[in-house]
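>>> here are the coordinates; sequence isn't available:
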């Protein structure tokens, strides 16, 4: 593999997953022409993944064809920075396309994982709404006026929605879903998800849905009861930026989380960044308009919803909007 001083901004091939609740917005709204025909509608695109069974593959430059797993093993902190503590790439980036509402579910925290065992992994995640069809909503967290018993009495029925916090989806809004938060992504949402590298989900209810063979999906009721945080009633919604101005702006989206930090960059001109300041790799996710990223003589172009990995050793780089008007970009670090 190239020496560390030859590293450059890396783009990866999306990994598409069919889901019974999948939609059409990845193909239609994002205008992707590489979406495969699968037995089920495409519900997820894994943009950056380092799992045992799913590994992102580089599609640009000298490292084309290399898996993210191989990169992490070979370059270690050179790629990921001094905050990296070993193991797999610490984050997973997805696009979620909800043609139907997803199951009512919860992810465990470290303490719940220790109690539950069986390879459970903690997961805290953030959602950023890319597009929302009319009537789309988000359910996340217990309603402050609800009691634990009210929720438990209705968990496996549609009545559970009454005891949750429910929000109308708006592009530009974000949701910070800490582990232990009961949640469901409603029909009509297209969002980017940045999360801990975990695939542990406990489904409480699938709203009576069955698959093509007439069989319901497996639920994990007992595990979910162990994982739900009944105390946290804070709102997970982070409202989007209001108003447009003629200069670049940066807004912290998630900055008090020990797993990742996310900034919302609103750009009308080029933006200078530096991985040295954060001591970490950067993930640059293009949201609404195409951008170009340059680092020395290297450059890559990103279309909306694409994510680029900037190696920690790279230092200075620039983000350049390619269209007029405000360009929305997410920057994620450890």
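Looks like it came in fine. As the structure is a prediction and not an experimental result, all values here were calculated from the model. Numbers count the residues shown, from 1 in each chain.
>>> okay, and the beta partners of the residue most central in space within the chain?
Geometric centre of the chain, nearest residue: residue 193, 1.5 Å, by C-alpha atoms, centre = their mean. For residue 193, the beta-bridge partners are residue 94, residue 127 (DSSP bridges).
>>> how near is it to residue 216?
Going from residue 193 to residue 216 by C-beta to C-beta, to the nearest Å gives 24 Å. C-beta: built from backbone N, CA, C; applies to glycine.
>>> give me the number of residues near residue 65?
10 (other C-beta atoms under 10 Å).
>>> how about the one 10 residues further on?
Counted with other C-beta under 10 Å, residues neighbouring residue 75 total 19.
>>> do I have it right that it meets residue 314?
No - judged on C-beta atoms under 8 Å, residue 75 makes no contact with residue 314 at a distance of 11.5 Å.
>>> got phi/psi on residue 152?
Note on residue 152: backbone dihedrals following degrees, to the nearest 10 are phi -60, psi -30.
>>> for residue 71, phi and psi?
Torsion angles, degrees, to the nearest 10, at residue 71: phi -60, psi -50.
>>> ranges for the helices of the stretch 1-150 of the chain?
Secondary structure of the stretch 1-150 of the chain (DSSP state H, counting those that start in this stretch): helices located at 25-28, 68-75, 77-80, 110-116, 148-154.
>>> now distance to residue 179 and mean pLDDT too, for the ones you listed, in a markdown table please.
Listed next are these as a markdown table, based on distance: least, C-beta to C-beta, whole Å; pLDDT from 0 to 100:
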| stretch | distance to residue 179 | mean pLDDT |
| --- | --- | --- |
| helix 25-28 | 26 | 98 |
| helix 68-75 | 23 | 97 |
| helix 77-80 | 22 | 96 |
| helix 110-116 | 8 | 95 |
| helix 148-154 | 17 | 92 |
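>>> dump these to a markdown table, plus distance to residue 248.
Below are the helices of the stretch 1-150 of the chain laid out as a markdown table (distance: least, C-beta to C-beta, whole Å):
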| stretch | distance to residue 248 |
| --- | --- |
| helix 25-28 | 29 |
| helix 68-75 | 30 |
| helix 77-80 | 27 |
| helix 110-116 | 37 |
| helix 148-154 | 43 |
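>>> among the ones you listed, which comes closest to residue 199?
Nearest of those to residue 199, taken as C-beta to C-beta: helix 110-116 at 12.7 Å.
>>> who does that closest one touch, helix- and strand-wise?
Helix 110-116 is packed against helix 221-227, with contacts defined by 3 or more C-beta pairs under 8 Å, 6 or more residues apart in numbering; DSSP states H and E.
>>> pull up the gap between residue 322 and residue 301, please.
Residue 322 is 7 Å from residue 301, where distance means C-beta to C-beta.
>>> can you list residues touching both of these two?
290, 291, 292 (C-beta atoms under 8 Å, 6 or more residues apart in numbering).
>>> filter the residues you listed to the buried ones?
The neighbour count (16 or more other C-beta atoms under 10 Å) marks 291, 292 as buried among these.
>>> what comes up buried for stretch 138-152?
138, 139, 140, 141, 142, 143, 146, 150, 151.
>>> name the helix or strand for the nearest residue in space to residue 299 that is not next to it in sequence, please.
Using C-beta to C-beta, 6 or more residues apart in numbering and skipping the chain neighbours, the partner closest in space to residue 299 is residue 292 (5.8 Å). Here residue 292, judged by DSSP states H and E, is contained in strand 291-295.
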